[in-house]
Structure formats: C-alpha cells, structure tokens
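My questions concern the predicted model and sequence given below.
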Amino acid sequence: MVDKEQEWAEYEETIEKFIQVIAKNMNLYGITSSVGRLYGALYFSDQPMTLDNMRDALEMSKTSMSTGVRTLSEMKMVEPAFRKGVRKDLYKSEEDWYKSFTSLFGNRWRHHTETNIEEADEAIAELQSIADSTDDEELKGKIQRDIDRLHYAQNYYRWLMKFIRVVESGEIFKYVPKD
C-alpha cells in the first residue's frame with residue numbers, strides 16, 4: 001500500500017506538470033512562462049493567495065509576483081478577492097478559461113493589429129511622398145504596386161479587427177460552441 005506522503009507527492013507532481021503545460025500555452029500568446037506558472041498556481045489554489053503566498057509557492061521574488069499579478073489582472077485572468085480578517089491583498093484566478101482566452105486573445109491581437117494598420121498608413125504616406133517627388137517612372141510603378149499591396153494588407157487587418165470583435169464579444173461561441 002502506498003503511504004499518504006507519497007500519494008500527496010504524486011498529486012503535487014501531477015499538478016505541477018499541468019501548470020507547466022498552462023505556462024507553455026500562455027507563452028504562445030506572449031505571456032512569460034513565469035506569469036503562466038503564477039496563473040496555474042492561482043488556478044489550482046483552493047483559496048485566494050497573497051503575494052507572499054505566491055512567492056512561497058513559486059519561489060520567486062515578491063516584485064515578480066506583483067508584476068505577474070498586474071499583468072494577469074490587465075488581461076482579466078486574475079481578480080482581487082476578499083477574506084474577512086485578512087489585511088493583505090488577495091487574488092484569485094478567473095476560472096472561466098473561455099473568458100480568459102477571449103480577453104487574452106483580444107488584447108494581444110487588437111494591439112498588434114492596430115499597430116500594423118498605423119504602420120501601413122505611414123508607409124503609404126511615405127511612399128506617396130517619394131512617388132510625388134520623383135521623375136523615375138520605374139520607381140513610380142514599383143511604389144504604386146507596393147501601395148496596392150499595403151492597401152491589401154490594410155483590408156486584411158480590418159477583417160482581422162472584425163474577427164477580434166467577434167471573439168471579444170463572445171459571439172464566437174455561436175459559431176464554435178463551448179464544450
């Protein structure tokens with residue numbers, strides 16, 4: 001028969017392995033693995049945690065925990081919690097992974113897509129300025145082809161913004177239902 005201590009050790013090892021999986025998955029969205037591990041620790045915690053609890057659980061600095069909590073809070077993956085008699089700030093994870101994904105996906109993709117649209121606008125303006133000041137017909141032709149490519153890219157980014165809105169609003173679940 002296996003003793004209780006060994007059973008608990010096996011349990012903790014199994015949970016730790018899955019927390020590593022969470023961290024790897026979040027890394028796909030530009031979230032550091034340490035922040036992913038923090039989310040995993042909060043997700044599997046039965047109680048809200050203080051920064052000190054997080055530091056002890058993950059063996060990382062309190063500053064790192066504070067930065068991680070702020071990052072996760074901005075993505076709506078962690079929220080403040082309250083427990084009577086506890087004066088320190090407490091945090092718990094958002095347990096609705098669908099909500100977390102839509103928030104994380106939307107925030108990350110929206111920022112990059114908006115930046116890409118702005119960069120394309122700037123490139124078009126700069127290319128148009130060069131075209132307006134040159135007498136080189138070959139260069140003018142090349143610039144026009146590239147401006148057309150940039151307009152195509154902008155159309156794609158505008159479509160992508162529509163897709164992001166569908167994800168952020170939760171409308172995506174009409175087309176791809178939650179399990």
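Done, it's in. Numbering: from 1, shown residues only.

C-alpha from now on. contacts and neighbour counts both.
OK.

Check the offset of the helix or strand where residue 152 lies from the chain's centre.
Counting by DSSP states H and E, the secondary-structure element that holds residue 152 is helix 137-169. On the basis of Cα atoms, centre = their mean, to the nearest Å, helix 137-169 is displaced by 24 Å from the centre of the chain it belongs to.

Then stretch 39-55?
The gap between the average C-alpha position of stretch 39-55 and the chain average comes to 19 Å, counting by Cα atoms, centre = their mean.

tell me what the helix holding residue 152 is packed against?
Applying 3 or more Cα pairs under 8 Å, 6 or more residues apart in numbering; DSSP states H and E, one finds that helix 137-169 makes contact with helix 97-133.

For the helix it packs on, buried residues please.
Residues 99-106, 108-110, 113-114, 117, 120-121, 124, 127, 131 are the ones in helix 97-133 that count as buried (16 or more other Cα atoms under 10 Å).

ok, so what distance separates the residue nearest the centre of the chain from residue 124?
Most central residue of the chain, judged by C-alpha distance to the mean C-alpha position with Cα atoms, centre = their mean, is residue 104 at 3.7 Å. In this structure, residue 104 and residue 124 are separated by 31 Å, where distance is defined by Cα to Cα, to the nearest Å.

quick revisit: give me the nearest residue to the residue nearest to the centre of the chain, chain neighbours excluded.
Residue nearest to residue 104 in three dimensions, not counting chain neighbours: residue 75, with 5.6 Å by Cα to Cα, 6 or more residues apart in numbering.
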